[in-house]
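*Asks:* next comes the sequence, and after it the predicted model I'd like to discuss.
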Amino acid sequence: MTTQTQADPEIRKGLAGVVVDTTAISKVNPETNSLLYRGYPVQELAARCSFEEVAHLLWHGELPTAAELADLERAERAQRALAPNVRAVVDALPTTAHPMDVVRTAVSVIGADDPTTADASRAANLAKAVRLFAQLPAVVAYDQRRRHGQELVAPRDDLDYAANFLWMTFGEVPDAVVVDAFRVSLILYAEHSFNASTFTARVITSTLSDLYSAVVGAIGALKGPLHGGANEAVMHVFDEIGSADEAEAWLERALAEKRKIMGFGHRVYKNGDSRVPTMKAALDKLVAHYDRPDLAALYDALERAMVARKNIQPNLDYPSGPAYHLMGFDTATFTPLFVASRVTGWTAHVMEQLEANALIRPLSAYVGPAERHMEEPATA
Ligand SMILES: CC(=O)SCCNC(=O)CCNC(=O)[C@H](O)C(C)(C)COP(=O)(O)OP(=O)(O)OC[C@H]1O[C@@H](n2cnc3c(N)ncnc32)[C@H](O)[C@@H]1OP(=O)(O)O
Ligand SMILES: O=C([O-])CC(=O)C(=O)O
């Protein structure tokens, strides 16, 4: 163990470039611009797997056998219906509440209601992970519907995870091209090593707190626009710009005002996000399906202007935002969709952290006033 004095500590703001632990769950490689889940390139998984298969891979380290997949599908489908107590709490929240606040609250309720919350065994945590995986679509879908004054839609157990999620949100199963783009987005969002929300989950787990608390904290971290909240923010930017021919002038003004352009840049990838080409291909199919060349033109114009002006590339939130918009999701629902996917990665990290736990507690360099003392009280 290395010790550090406070005399001249090296400060790495934002832990940039700091390696804090090992992980066997995913590898983000900015040099090769690649992302591996348990060794498999994410593009291969997106081309060939269901989201359920990827969830199993993240949790167990291997793709499921037919029997293992059937077990997971059975467990997930059996827990899909929105639990009455969760519904009651969601109904008690105003429809003006941000959907991320609703999802965060729902996870708290699910945790408070689970008699096994304090059981930190791998088996119990795996069961909790599957429970959250199964319940989150119901929460996200119902919250979007209630904001439009629509009734809850009951799940269908003849549909896979992605198709059922869309069914519960829209009351119909959209065309295969839409279901497929949604499945791809879920796979791409599922896991990304020690990003801010996953690290939050690991910090919480490191105190030997419970899995639900770790997920609640992770949701809070994901909400911010520098992280998952950017997919929502991208759509606000598109609304603000209006059309492709305004993009360049808008960008000039935004940069002059020192604004961060949502959906661009990344802490780890400096030459483009490995997931963007796959999600962009899915977006292109949606653009063709919904006949929205105007949206594609705006997307391209802002990307071109940003690369020309700052040489900063888009991240996954850039194509995901407009893709979710075309699918019919409310803009405020975009980040909860990220939650529903990333819960697989977060919970895999909770279990990995517990396998070789060390309390996460870094040091800080004190820069406040030197030691001083209160005035002696005046004696009468
Ligand atoms: C799924 C995800 O969570 S992906 C991330 C989603 N977040 C976003 O899209 C928000 C917009 N992007 C950003 O704010 C940043 O790129 C971050 C937070 C993602 C990464 O930030 P960092 O690694 O800390 O990079 P940092 O902020 O140091 O950027 C380096 C330089 O590029 C600039 N820069 C980086 N991203 C952007 C951006 N999106 N818009 C404008 N300038 C940017 C910074 O201003 C900085 O310039 P400077 O050196 O002149 O000060
Ligand atoms: O890795 C990061 O810092 C952010 C990100 O792209 C993700 O969490 O998917």
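*Replies:* Sure, I can see it. The structure displayed is predicted, hence computed values, not measured ones. Ligands and ions are numbered 1, 2, ... in the order given.
*Asks:* so who does residue 37 touch?
*Replies:* 25, 26, 45, 54, 57, 58, 190, 191 (Cβ atoms under 8 Å, 6 or more residues apart in numbering). Bear in mind the C-beta positions are built from the backbone N, C-alpha and C, glycine included.
*Asks:* now with 7 Å?
*Replies:* 26, 45, 54, 57, 58, 191 (Cβ atoms under 7 Å, 6 or more residues apart in numbering).
*Asks:* run through the chain and note the low-pLDDT ranges.
*Replies:* Applying pLDDT under 70 to the chain picks out residues 1-7, 380.
*Asks:* out of everything not next to it in sequence, what's closest to the residue in it that ligand 1 sits nearest to?
*Replies:* Residue of the chain nearest ligand 1, by Cβ to the nearest ligand atom: residue 265 (2.2 Å). Distances taken as Cβ to Cβ, 6 or more residues apart in numbering put residue 312 closest to residue 265, at 4.9 Å, once the chain neighbours are dropped.
*Asks:* determine the longest helix present in the protein.
*Replies:* helix 122-147 (DSSP state H).
*Asks:* next, the buried residues of that helix.
*Replies:* By neighbour count on 16 or more other Cβ atoms under 10 Å, the buried set for helix 122-147 is 124-147.
*Asks:* Three-state assignment for the residue nearest the centre of the chain, please.
*Replies:* By Cα atoms, centre = their mean, the chain has its centre lying nearest to residue 338, at 3.7 Å. Secondary structure, DSSP: H, G, I helix; E, B strand; the rest coil: residue 338 is helix.
*Asks:* please name the nearest non-neighbouring residue to it.
*Replies:* Residue 338's closest residue in space is residue 228 (Cβ to Cβ, 6+ apart), at 4.4 Å.
*Asks:* what residues does this structure put near ligand 1?
*Replies:* 14, 225-228, 230, 260-267, 310, 312, 315-317 (Cβ under 6 Å from any ligand atom).
*Asks:* and the helix or strand that the longest helix of the chain is followed by, what other elements does it pack with?
*Replies:* Heading C-terminal from helix 122-147, the first helix or strand you meet, by DSSP states H and E, is helix 161-170. When contacts are defined as 3 or more Cβ pairs under 7 Å, 6 or more residues apart in numbering; DSSP states H and E, helix 161-170 packs onto helix 51-60, helix 122-147, helix 176-189.
*Asks:* CA atoms only: put the first one into CSV for me.
*Replies:* Once side chains and other backbone atoms are set aside, the C-alpha atoms of helix 51-60 remain, and they are given as CSV (Å, rounded to 0.1, in the frame of the first residue of the first chain):
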residue,chain,number,x,y,z
PHE,A,51,-31.1,-8.1,-24.4
GLU,A,52,-31.9,-11.0,-22.0
GLU,A,53,-28.8,-12.9,-23.3
VAL,A,54,-26.6,-9.9,-22.8
ALA,A,55,-27.9,-9.4,-19.3
HIS,A,56,-27.0,-13.0,-18.5
LEU,A,57,-23.6,-12.5,-20.0
LEU,A,58,-22.9,-9.5,-17.8
TRP,A,59,-24.1,-11.2,-14.6
HIS,A,60,-22.6,-14.6,-15.2
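*Asks:* hmm, that helix touching ligand 2?
*Replies:* No. Counting by Cβ under 6 Å from any ligand atom, ligand 2 is not contacted by helix 51-60; separation bottoms out at 13.3 Å.
*Asks:* show me what that helix is packed against.
*Replies:* Looks like helix 51-60 contacts strand 34-37, helix 66-78, helix 122-147, helix 161-170, helix 176-189, helix 334-355 (3+ Cβ pairs under 7 Å, 6+ apart).
*Asks:* dump those to CSV, plus distance to residue 373.
*Replies:* Shown next, in CSV, are the helices and strands packed on helix 51-60 (distance: least, Cβ to Cβ, whole Å):
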stretch, distance to residue 373
strand 34-37, 55
helix 66-78, 62
helix 122-147, 49
helix 161-170, 61
helix 176-189, 53
helix 334-355, 42
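*Asks:* ok so, going back, please name the residues that touch the residue nearest to the centre of the chain.
*Replies:* By Cβ under 7 Å, 6+ apart, the contact list for residue 338 reads 189, 222, 228, 231.
*Asks:* for residue 110, which three-state class applies?
*Replies:* Residue 110 is classified as helix under three-state DSSP.
*Asks:* I'd guessed it sits against residue 134; true?
*Replies:* No. If you go by Cβ atoms under 7 Å, residue 110 and residue 134 don't touch, sitting 10.2 Å apart.
*Asks:* kind regards, and thank you for your time.
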